[in-house]
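Engineer: Only the shape, not the letters, is given here:
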């Protein structure tokens, strides 16, 4: 089945130690999104790629970076994780925009110790 | 600016009860509207959508009608099951590639 796959499902990292989360898709969708979701809150958009064009949200901390080396893969890099960055990170894709709905991955739950 | 307002949860119902989760929106133009469901420890799944006024989205017994006159997109189900226990998010897409999500409503269904 075509899908969005996030790895790993659970990630534990040390305070200040760089960490990378990955997302892959077999849908050939143009747009890939990274959301941060803290407990009992709505997902918060960090950034998105439309093809190779990167779009950062104004309030996304510089600590968060992203790479999209090709259509299928997108990475979220957290350069120096703090305790406040512990959250569920969700990757989503859409075809040219959200009108037909997003397809979400299962998420990566990040713990910072 | 665009916004989505959902009723606060949690909503607790007995099995086979009728469900309504209210969602209203503010947007310019004609946004597309969505309901997503999130089961514990999982990502969001698209439940249903509507792209224009008076459209009714439906899936798995859930329904929602796009009401432009009341700027609403309320989620309903006639008879809930324990397996429907989850968090439900209303969202709009105003055509800028970015959704606006509501804050989510937790539903708990008791056997």
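Structural biologist: Arrived safely. These numbers were taken from a predicted model, which means no experiment stands behind them.
Engineer: what number of residues lie near the closest residue to residue B:63 other than its chain neighbours?
Structural biologist: Among residues not flanking residue B:63 along the chain, residue B:76 sits closest, at 5.3 Å (Cβ to Cβ, 6 or more residues apart in numbering or on different chains). For the C-beta atoms, the positions are set from N, CA and C on the backbone; glycine is no exception. For residue B:76, the tally of surrounding residues (other Cβ atoms under 10 Å in any protein chain shown) stands at 14.
Engineer: Locate residue B:76 within the secondary structure: which element?
Structural biologist: In this assignment (DSSP states H and E), residue B:76 forms part of strand B:75-77.
Engineer: packing partners for that strand?
Structural biologist: When contacts are defined as 3 or more Cβ pairs under 8 Å, 6 or more residues apart in numbering or on different chains; DSSP states H and E, strand B:75-77 packs onto strand B:19-21, strand B:62-65.
Engineer: With mean neighbour count as added columns, please give those in TSV.
Structural biologist: Compiled in TSV, the helices and strands packed on strand B:75-77 are given as follows (neighbours: other Cβ atoms under 10 Å in any protein chain shown):
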stretch	mean neighbour count
strand B:19-21	18
strand B:62-65	20
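Engineer: Now tabulate these in TSV and tack on mean pLDDT.
Structural biologist: Formatted as TSV, those follow (pLDDT from 0 to 100):
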stretch	mean pLDDT
strand B:19-21	97
strand B:62-65	98
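Engineer: out of those, which comes closest to residue B:38?
Structural biologist: Closest to residue B:38 of the helices and strands packed on strand B:75-77 is strand B:19-21 (Cβ to Cβ; 13.2 Å).
Engineer: anything in the closest one near chain A?
Structural biologist: No - counting by Cβ under 8 Å from any Cβ of the partner chain, no contacts exist between strand B:19-21 and chain A, the nearest distance being 14.2 Å.
Engineer: hang on, residue B:107 packs against residue B:83?
Structural biologist: No - using Cβ atoms under 8 Å, residue B:107 is not in contact with residue B:83; the gap is 10.9 Å.
Engineer: Just want to know which of the two has more residues nearby.
Structural biologist: Using other Cβ under 10 Å, the more surrounded residue of residue B:107 and residue B:83 is residue B:107, with 20 against 10.
Engineer: That one should be in a strand, yeah?
Structural biologist: Yes - according to DSSP: H, G, I helix; E, B strand; the rest coil, the state of residue B:107 is that of a strand.
Engineer: still on that earlier bit, who does the strand holding residue B:76 pair up with?
Structural biologist: Using DSSP bridges, strand B:75-77 pairs in its sheet with strand B:19-21 (antiparallel), strand B:62-65 (antiparallel).
Engineer: okay if I get those strands as CSV plus distance to residue A:39?
Structural biologist: Converted to CSV, the strands paired with strand B:75-77 look like this (distance: least, Cβ to Cβ, whole Å):
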stretch, distance to residue A:39
strand B:19-21, 20
strand B:62-65, 25
